[in-house]
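Asks: Provided below are the primary sequence and the corresponding predicted coordinates.
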Amino acid sequence: MRYMKLLITAAIVIFYMLALIVDRSAGAIFGVLVLLSLIFLASKNRSDNKSFGEFFREYWPLNLAMCGPIIAVFANQIGTAHFVGRTYDSPFRLALFCLIFWAFSFLPTRWMKHIQWGLVIGALLAAVKIHVLTHGGEMRYGTDFIPIIIFAELTLLLGMFAALSIAWNEHGNKIAIFFKIAALCAGLYAAYLSQSRGVWLTIPVFLVIAGMVAKNIRLRYKLTAVVAFVILLGSVSYFGNIVKERMSIAESDISQYSEGANVDTSLGIRLQLWRGSLVLFKEHPVFGVGVENFPKALEELAERKIITPVSATFPHSHNEILFMMARLGTFGLFAILALYFIPAYYFFREIRDGDSETRYTAAMGLALCLGFFTLGLVDVVFLWWEIFPYYVISIAFFLAYIIRRKKEMALSVK
């Protein structure tokens, strides 16, 4: 049992270190974690004197939310009588959440804290990688095995997780604080080099979450941090060529779209895809057009002059919610909202807890959920394979840490 826990802990550390760096490593490590979880299940061990069935029922809303996408796919295929097996591949990873969560619940917090170094190393390695691939910001690559926008957001989240995990360390551990602040800076640097306005949009969200959990920090220090951030943001916007260029392009795109001069700009195509996705949802409100039929549906919209032929070549709606609505109808809408906000609820209710470790770990989970939601307003996150194990492992780990921490605190009081 002890060695199993050690293997799971090591696998999580390696996951955060390598998932963004080595192609297919996320899938391989996720597979290892699923296998270890199945061994735990077969051994009939009990977590806090609860069987797997009891544990599953206790967190049934969360488990149901993680099964939402696969239920939506099944409903679509039942409703349309068109069955495609490969469509279940990605949502099936989310449905395995209950197994991963169960296995993580056995880990003591003293072992879980080792994951902080996986977060730090992962953020630093990812920043080096994006620096190399963009030649220090001189060019913007599309993808290696993860699109640059998704890569930058996941790197930014690693940096955010690392910074928040300072609460796991003893007071005055300056070495740990240094490396974790460096990881946060690495995440911000990756966001800057990505040139992604969507990724930048998540930064204020993370700032608000950090302010919410900083319960023991005096108000003047919070205000100083906010002012420093605003000054930094203003300086980057004024002196940084990347930000100025991206903002200038956005202004030009909006102007051309509103005047009708060119609707096939970056923002113009997004607006067309949003409108087209709403049309598809209105015409197929219950089950949607289906995962496999979305490209064909866009082509038909182009033939009807609702969107341009250029817009019809894009693989998704550039909006997660609209994409799910268009493909999977009302089932898809409820599935994606549950995927964001039910895990977020579990973390939000702990955000003002009196224990700093619980509070800051809850902030990590909330940052993940709301970060994906915010980026999903202008892009599609749950389209890329690496996202699924990242989301499942992170939600399971942060919530398991909170549960274990509260249990240990209760025992210490006794």
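Replies: Arrived safely.
Asks: Spatially central residue for the protein, please.
Replies: Centrality entry for the chain: nearest residue to the mean C-alpha point is F372, 4.4 Å, by C-alpha atoms, centre = their mean.
Asks: and the gap between it and V73?
Replies: Going from F372 to V73 by C-beta to C-beta, to the nearest Å gives 19 Å. Backbone N, C-alpha and C define where each C-beta goes, glycine included.
Asks: And V263, by the same measure?
Replies: When V263 is compared with V73 (using C-beta to C-beta), they lie 32 Å apart.
Asks: Mind naming the longest helix for the protein?
Replies: helix 320-348 (DSSP state H).
Asks: For that one, list every residue counted as buried.
Replies: Applying a neighbour-count criterion of 16 or more other C-beta atoms under 10 Å, one finds 320-336, 338-340, 342-344, 346-348 buried in helix 320-348.
Asks: ok, now stretch 129-147?
Replies: Here stretch 129-147 shows K129, I130, L133, T134, G137, R140, I146, P147 as buried, counting by 16+ other C-beta under 10 Å.
Asks: Kindly indicate which of those lies nearest D379.
Replies: Closest to D379 out of those is P147 (8.7 Å), distances taken as C-beta to C-beta.
Asks: I'd say that closest one and V381 touch.
Replies: No: if you go by C-beta atoms under 8 Å, P147 and V381 don't touch, sitting 10.0 Å apart.
Asks: hang on, the earlier thing: what is the longest helix of the chain packed up against?
Replies: Other elements packing on helix 320-348 under the criterion 3 or more C-beta pairs under 8 Å, 6 or more residues apart in numbering; DSSP states H and E are helix 60-80, helix 266-283, helix 294-303, helix 356-375, helix 387-413.
Asks: helices and strands around the third one, which ones?
Replies: Helix 294-303 is packed against helix 266-283, helix 320-348, with contacts defined by 3+ C-beta pairs under 8 Å, 6+ apart.
Asks: Rank the helices and strands of the protein by mean pLDDT and give me the bottom one.
Replies: helix 219-239 (a mean of 59; mean pLDDT, DSSP states H and E).
Asks: related to what we said a few turns ago, want to throw the helices and strands packed on helix 294-303 into TSV with mean pLDDT and distance to G172?
Replies: Below are those laid out as TSV (pLDDT from 0 to 100; distance: least, C-beta to C-beta, whole Å):
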stretch	mean pLDDT	distance to G172
helix 266-283	93	48
helix 320-348	98	28
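Asks: Could you work out which of the ones you listed reaches nearest to T87?
Replies: Among those, helix 320-348 comes nearest to T87, with 9.7 Å by C-beta to C-beta.
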